[in-house]
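**Student:** coordinates only, sequence not included:
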């Protein structure tokens with residue numbers, strides 16, 4: 001069986017043109033990210049997975065219902081903006097937050113090879129999500145982050161028997177693509193008045 005990163009849609013491969021980020025490919029890559037957390041076992045990232053799955057479902061439901069107006073994330077949001085009930089747009093805002101959190105945590109992991117993973121995830125949480133959460137949620141997240149696997153265990157589980165060096169190279173490409181998309185969508189949402197990531 002091929003390692004996870006070799007079998008799922010990479011954010012680096014999500015089409016991104018002047019008209020925007022292709023919705024279907026973005027959703028496939030997001031699904032792949034959520035599945036990656038399954039490899040870690042023990043439900044440590046259950047809170048992240050649950051939130052991301054719910055938000056992916058919200059965006060996907062809109063995409064499935066209005067494919068002609070939802071080819072890109074930008075078109076999806078703009079078409080929904082004319083309606084009184086908005087569900088996909090807030091889901092996209094929250095999903096983008098989750099993606100940003102994960103992206104920054106994994107980038108911290110790659111750039112700060114001396115720190116354990118929980119430190120990298122804590123840094124990312126403080127930067128991206130902390131200010132969106134209540135004291136109670138922050139306390140729960142703090143405990144969950146402390147349960148993150150050790151760096152070596154994380155790499156071994158994600159590599160699934162493949163080369164860790166190759167995984168690191170592919171992960172860097174994947175994160176570069178994700179970062180580009182997150183920055184673009186965050187700017188689009190904020191400038192359009194659709195929400196703040």
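**Tutor:** On my side now, so go ahead. Note that this is a predicted model, so its numbers are computed, not measured. Numbering: from 1, shown residues only.

**Student:** Let me know the average pLDDT across stretch 99-107.
**Tutor:** The average pLDDT within stretch 99-107 is 87.

**Student:** Then stretch 132-152?
**Tutor:** On average, stretch 132-152 scores 75.

**Student:** How far does it stretch from one end to the other?
**Tutor:** One end of stretch 132-152 to the other measures 31 Å (CA to CA, to the nearest Å).

**Student:** mind checking which helix or strand the most centrally placed residue in the chain is in?
**Tutor:** For the chain, residue 99 is the residue whose C-alpha lies nearest the centre (CA atoms, centre = their mean; 2.3 Å). Taking DSSP states H and E as the definition, residue 99 sits inside helix 88-111.

**Student:** And that helix, how far out from the chain middle?
**Tutor:** 4 Å (CA atoms, centre = their mean, to the nearest Å).

**Student:** list the helices and strands that helix packs on?
**Tutor:** helix 23-38, helix 46-65, helix 73-80, helix 117-128, helix 164-191 (3 or more CB pairs under 8 Å, 6 or more residues apart in numbering; DSSP states H and E). Every residue, glycine included, has its C-beta placed from N, CA and C.

**Student:** what angle separates it from helix 164-191?
**Tutor:** Using axes from the mean of the first three to the mean of the last three CA atoms, to 10 degrees, the inter-axis angle of helix 88-111 relative to helix 164-191 is 140 degrees.

**Student:** Burial check on residue 148, number of neighbours?
**Tutor:** 20 (other CB atoms under 10 Å).

**Student:** Give me the buried positions along stretch 68-78.
**Tutor:** Across stretch 68-78, burial judged by 16 or more other CB atoms under 10 Å covers 70, 71, 72, 73, 74, 75, 76, 77, 78.

**Student:** Out of these, which is nearest to residue 106?
**Tutor:** Lowest distance from residue 106 to the buried residues of stretch 68-78 (CB to CB) belongs to residue 73, with 21.5 Å.

**Student:** Distance-wise, check the closest one relative to residue 187.
**Tutor:** 12 Å (CB to CB, to the nearest Å).

**Student:** Going along the chain from the worst-scoring helix or strand of the chain on mean pLDDT, find the next helix or strand for me.
**Tutor:** Least confident element among the helices and strands of the chain, by mean pLDDT, DSSP states H and E: helix 135-146 (a mean of 74). For helix 135-146, the succeeding helix or strand toward the C-terminus, using DSSP H and E, is helix 151-159.

**Student:** returning to what we had before: put together a markdown table for the helices and strands packed on helix 88-111, with mean pLDDT and distance to residue 104 on each row.
**Tutor:** Putting those into a markdown table (pLDDT from 0 to 100; distance: least, CB to CB, whole Å) gives the following:
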| stretch | mean pLDDT | distance to residue 104 |
| --- | --- | --- |
| helix 23-38 | 92 | 13 |
| helix 46-65 | 91 | 13 |
| helix 73-80 | 97 | 20 |
| helix 117-128 | 79 | 4 |
| helix 164-191 | 93 | 8 |
